[in-house]
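S.K.: could you look at this predicted model? Sequence included:
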Amino acid sequence: MKVSKLAANLIGSEIVKIGNEVNDLKAKGAEIANLTIGDLNSNIYPIPALLKEEIQKAYQNNLTNYPPANGLLSLRKEVSKDLKNRWNLDYSPNDILITAGSRPLIYAVYKTIVDEGDKVVYPTPSWNNNHYAYLTSANAVEVKTKPETNFLPTADDVRPHLDGAVLLALCSPLNPTGTMFTREQLSEICELVIAENKKRGTDEKPLYLMYDQIYSNLTFGAEHVDPVSLFPEMKEYTVYIDGISKCLAATGVRVGWGFGPAHIIDKMKALLTHVGAWAPKPEQEATAKFYENPENVNVFVEDFKGKLEESLKVLHGGVQDLKAKGLSVDSIEPMGALYLTIKLDYIGKTKPDGSVIENSSDLVFYLINEAGVALVPFSAFGEDKSEPWFRASVGGLAVDEIKVMLPKLETALNNLK
């Protein structure tokens, strides 16, 4: 049966495909260490108790009708105060848009800025930019990054591609790598954006920067940097993506916020009124109450990210131990978020049954079946399937489960010849 060209050519999520395989095996009784999803086991990492209480209270008080299209004013005021206190960013409540997590915001940024055929620049690996570019019929320019720069683009990487571009999409801490821009790296890119916009006439569309900092509170000693803090003139061109999904372990609560130039935010709001992508009113009310006392956020985040850091260190240490034993593996020390970047250089190796690991997806499914370990290949983030790099998310496992998993991974890799 015929469907639209967009639907016919839409590529499904490789992460979902792997997740379905894991769920099918679990249903049959298999024990799988699931390191695939950028989500959290809510029994290990529950949301803050006070936030939960406030959500329940809001439902009991029947706050179940439509919220305002741009979000509750009480929440936008609290977000405005938090941005000022936490990052020294000055955005009024009218410059802030509340949605059901960050995905509607990212989609709205693309739809608000990008016309069919417009050039959009983003690095690989990165989360879902390839799909959002497809959904907006953009001319996607993918900038391949290197492990030597922690898989983050440099100014030299993006410089050749900014002429005529309307959107540059960046993320730090980065999904899928858990690595972060240094002040120097981001400063040099911002200088390019400023210079490019100075070249453009008043009748030309500017080059905007979408800066996804949804993991900005989950950093391990490294400094989180952002464009407008580095260069105030970037305020005219930068749209931020943020929210509680990651920092409050609240992925299913669905409260995100974007902020940026008023003329962009207003059009994003208008677009999303036709999508109905607002966060539920009780969750907005509860988040506003929770943010009234900054210590609520600070205390929870410090404890939460300490636990994530411990898990990441155990996993990183385990991979480095395997490397010391002579296995063809490596990992990049985590800087933030809940991800570890792992290299498993086993593409082209032969499995015990005589078949060959032809690409990263083959290795993923081999490890699921033989080691009970599920990872996401960087091909899910725009890289080629010949690349031996993988994302491991620790949000779904306890530390003890990670320790149990490592010997199984070692055995399965040693069985490849």
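M.R.: Cool, the structure landed.
S.K.: separation between Phe220 and Lys305?
M.R.: 7 Å (CB to CB, to the nearest Å). Any C-beta I mention is one placed from the backbone N, CA and C, and that applies to glycine too.
S.K.: and for Lys144?
M.R.: Computed with CB to CB, the distance linking Lys144 and Lys305 is 30 Å.
S.K.: so Phe220 and Lys305 - more neighbours on which side?
M.R.: Ranked by neighbour count (other CB atoms under 10 Å), Phe220 and Lys305 place Lys305 first, with 21 against 18.
S.K.: just the element for that one, please.
M.R.: Counting by DSSP states H and E, the element that carries Lys305 is helix 294-324.
S.K.: just checking, what packs against that helix?
M.R.: Counting by 3 or more CB pairs under 8 Å, 6 or more residues apart in numbering; DSSP states H and E, the packing neighbours recorded for helix 294-324 are helix 73-87, helix 281-291, strand 329-332, strand 339-344, helix 399-414.
S.K.: and if we set it to 7 Å?
M.R.: strand 329-332, strand 339-344, helix 399-414 (3 or more CB pairs under 7 Å, 6 or more residues apart in numbering; DSSP states H and E).
S.K.: ok, the shortest one: who's next to it in the sheet?
M.R.: Each strand pairing with strand 329-332, determined using DSSP bridges, is listed with its direction: strand 339-344 (antiparallel).
S.K.: centre of the chain to the helix or strand just after the partner strand, how far?
M.R.: Counting by DSSP H and E, the next helix or strand C-terminal to strand 339-344 is helix 360-371. On the basis of CA atoms, centre = their mean, to the nearest Å, helix 360-371 sits 24 Å off its chain's mean C-alpha point.
S.K.: got the angle for helix 360-371 vs helix 399-414?
M.R.: Computed by axes from the mean of the first three to the mean of the last three CA atoms, to 10 degrees, the angle separating helix 360-371 from helix 399-414 equals 110 degrees.
S.K.: can you start the count at 10 instead of 1 from here on
M.R.: Will do, 10 is the new start, and the previous item becomes helix 369-380.
S.K.: so which residues of this protein form helices?
M.R.: Remark: helices assigned in the chain by DSSP state H are 14-18, 23-36, 58-69, 82-96, 112-122, 138-144, 164-167, 192-208, 236-239, 271-282, 290-300, 303-333, 369-380, 408-423.
S.K.: redo those helices as JSON lines? Include distance to Val264.
M.R.: Formatted as JSON lines, those follow (distance: least, CB to CB, whole Å):
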{"stretch": "helix 14-18", "distance to Val264": "29"}
{"stretch": "helix 23-36", "distance to Val264": "22"}
{"stretch": "helix 58-69", "distance to Val264": "10"}
{"stretch": "helix 82-96", "distance to Val264": "8"}
{"stretch": "helix 112-122", "distance to Val264": "11"}
{"stretch": "helix 138-144", "distance to Val264": "21"}
{"stretch": "helix 164-167", "distance to Val264": "31"}
{"stretch": "helix 192-208", "distance to Val264": "26"}
{"stretch": "helix 236-239", "distance to Val264": "22"}
{"stretch": "helix 271-282", "distance to Val264": "14"}
{"stretch": "helix 290-300", "distance to Val264": "5"}
{"stretch": "helix 303-333", "distance to Val264": "13"}
{"stretch": "helix 369-380", "distance to Val264": "32"}
{"stretch": "helix 408-423", "distance to Val264": "28"}
